[in-house]
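Colleague: sequence and predicted model, in that order:
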Amino acid sequence: AHVCGGARIGSGVSLGQNVFIGNKVVIGDRCKVQNNVSVYDNVTLEEGVFCGPSMVFTNVYNPRALIERKDEYRDTLVRRGATLGANCTIVCGVTVGEFAFVGAGAVVQKDVPNFALMVGVPARQIGWMSAYGEKIDFPLEGNGETTCPHTGDVYTLSGSLVTRKEAIS
């Protein structure tokens, strides 16, 4: 891995082969950045984010080889516990919500809700995922409640938002 001097990297982070970490990057504790991933300036990965092999972050919205646009980098935030699947692309300037799950090869061009399951090009939401990493049986919109059989966490769907109440351990 090649880590630039200005990067801030938390504890317990795993960096695969051929990984590049830019100067203005923040990586939280216990993240996993798999092989062939470049994390460019203005990207923040909160705690426990998984970046699958060869996934891509962009940093300039409309790049041109002959036009300098380093002052136009857009901030990208990947919230706690999110999974970014192999070969997916996260277009700069978006926020990927807590424990969201972006499927392999998806192209994310807009903000992703917490716990959302996103697939396709462009990425679209097809469901919900638990913090444990399993599909939650909720419609995209409506009302409902379910308990994770693995953790005891309670998930509530209200409109088009899912929230989690962690089980008391």
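Modeller: Received it, and whenever you're ready, just let me know what you need.
Colleague: now for the closest residue to K24 other than its chain neighbours: which residues touch it?
Modeller: Spatial nearest neighbour of K24, excluding adjacent residues (Cβ to Cβ, 6 or more residues apart in numbering): D41 at 3.9 Å. Yep, even glycine has a C-beta here, placed from its N, CA and C like the rest. Residues near D41 by Cβ atoms under 8 Å, 6 or more residues apart in numbering: 22-25, 59, 73.
Colleague: buried ones from these, can you make that a ChimeraX selection?
Modeller: Buried subset of these, written as a ChimeraX selection, criterion 16 or more other Cβ atoms under 10 Å:
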select :22,24,25,59,73
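Colleague: out of the contacts of D41, flag the one nearest to A65.
Modeller: Taking Cβ to Cβ as the measure, A65 lies nearest N59 of the contacts of D41, at 14.6 Å.
Colleague: relative to its centre, which residue of this protein is most distant?
Modeller: L66 (30.5 Å; Cα atoms, centre = their mean).
Colleague: and the gap between it and C92?
Modeller: 20 Å (Cβ to Cβ, to the nearest Å).
Colleague: over to G142?
Modeller: 32 Å.
Colleague: and the contacts of D41 as TSV, adding secondary structure?
Modeller: Output for the contacts of D41, formatted as TSV (DSSP: H, G, I helix; E, B strand; the rest coil):
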residue	secondary structure
G22	coil
N23	coil
K24	coil
V25	coil
N59	coil
Y73	coil
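Colleague: can you tell me which of the contacts of D41 is nearest C148?
Modeller: Of the contacts of D41, the one sitting nearest to C148 (Cβ to Cβ) turns out to be V25, at 31.7 Å.
Colleague: these two touch, right, D75 and Y61?
Modeller: No - judged on Cβ atoms under 8 Å, D75 makes no contact with Y61 at a distance of 11.7 Å.
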